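> Model the following, please.
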Amino acid sequence: MNKDNLVMQEQPALVIDCRQVTRTYSEGPEKLTIFSDISLQVATGETVAIVGSSGAGKTTLLNLLGGLDKPSSGHISICGQDIHRLSEAGRARFRNRHLGFVYQFHHLLPEFPALENVMMPCVLGGIAVRDAKEKAEHVLDRVGLAGRLAHKPGELSGGERQRVAIARALVNEPECVLMDEPTGNLDEHTGEGVRALIESLRDQFGISFVMVTHDMKMARSLGRVLRLEQGRLVQEA
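Residues are numbered from 1 along each chain as shown. Purely as a prediction, here's the structure:
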C-alpha cells in the first residue's frame, strides 16, 4: 500500500475489528477472567489510547490484537483477516507485514547500530539486504535520525532509542502500530517529541495507532480514549 497516495474515505475501513472478546486464565480449579465481551473497532488513520489501572488487562488486550495471545472466545480481525485462524507461522508472517510494535522498553539489539536494528523486520520478511537498508535509511530519516544510523543503542539518548524503535515498527509500512507505554521511560520533553512524531506519522501516512498509556495528556491529545476497568472497555469522558 502506498501511504503517500492514501486518501481517507468518509467511512474509512476498519483496521481492527474486535468483537465480544473474552480472555480467561485457569489457576488450579479457579478461572480468572481478565476481561469479558470486549469490542473495539479502529479505523484507518485513527489513534486509540487505552488507559486503566495496573493489572486491568491493557497489555493482555494489546497482545491479543497483535496475535501474540489467543482470546478464550470472540473474534479479532486485523485488516480483514481473522488472525487467530492462522497457524503460528502464518500469524508471524502476518504480524511482520501488517503490524508494528513499540514497547516501553525499546528491545533494540544492543550489539547492532540503529540502521541494522531497523532493517531486521525487512530481512526477516525476506526482503533483500540492499532493499532493507534503503527502506531503513528512509524511515530513520523520517523520524529525524538520519545522522545516527551507525550509532548503537548505548550511544543514543532515551528519546533517540524510542525513535529507532518506532522506525523499526514502521519500516514494513504496517497498517497499524501497537504501542505499550511508548513514553513510559521518557521525561516530559522527550515524551512530547514522541507524541508529536506519532501525530505526524498518523496524519501523513494514514497509519492507525493503538497505544496503552498512563499519560492522559498524550492520550487525549492524540485521539479517542478508552478505559479498561473491571473487565470492561468504556469510552473515557
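> Just to be sure, Ile34 is in a helix?
No. Ile34 is assigned strand when assessed by DSSP: H, G, I helix; E, B strand; the rest coil, not a helix.
> Report pLDDT for it.
On the pLDDT scale, Ile34 is placed at 88.
> Does the residue most central in space within the chain belong to a helix, a strand or coil?
Centroid-nearest residue in the chain, with CA atoms, centre = their mean: Leu178, separated by 1.5 Å. Three-state assignment for Leu178 (three-state DSSP): strand.
> who's in contact with it?
For Leu178, the contact set (CB atoms under 8 Å, 6 or more residues apart in numbering) comprises 62, 65-66, 99-102, 209-211. No exception for glycine: its C-beta is placed from N, CA and C like everyone else's.
> Kindly reformat these as a markdown table containing pLDDT and neighbour count.
Output for the contacts of Leu178, formatted as a markdown table (pLDDT from 0 to 100; neighbours: other CB atoms under 10 Å):
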| residue | pLDDT | neighbour count |
| --- | --- | --- |
| Leu62 | 90 | 20 |
| Leu65 | 91 | 23 |
| Gly66 | 89 | 21 |
| Leu99 | 90 | 26 |
| Gly100 | 89 | 25 |
| Phe101 | 89 | 19 |
| Val102 | 87 | 23 |
| Phe209 | 91 | 25 |
| Val210 | 93 | 27 |
| Met211 | 90 | 25 |
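> What values do phi and psi take at His138?
Dihedral pair for His138: phi -60, psi -50, per degrees, to the nearest 10.
> Which of the contacts of Leu178 fall within helices?
62, 65 (DSSP state H).
> Give me the distance between the two termini of stretch 141-158.
18 Å (CA to CA, to the nearest Å).
> Mind listing what's buried along that stretch?
Counting neighbours by 16 or more other CB atoms under 10 Å, one finds that the buried residues in stretch 141-158 are 142-143, 145, 148-149, 151-153, 156.
> tell me which of the residues you listed is nearest to Leu233?
Nearest to Leu233, judged by CB to CB, of those is Val143 at 30.2 Å.
> pretty sure the closest one contacts Arg163?
Yes. Counting by CB atoms under 8 Å, Arg163 is a contact partner of Val143 at 4.5 Å.
> Can you pull the residues that touch both of the two?
Counting by CB under 8 Å, 6+ apart, the common neighbours of Val143 and Arg163 are Leu197.
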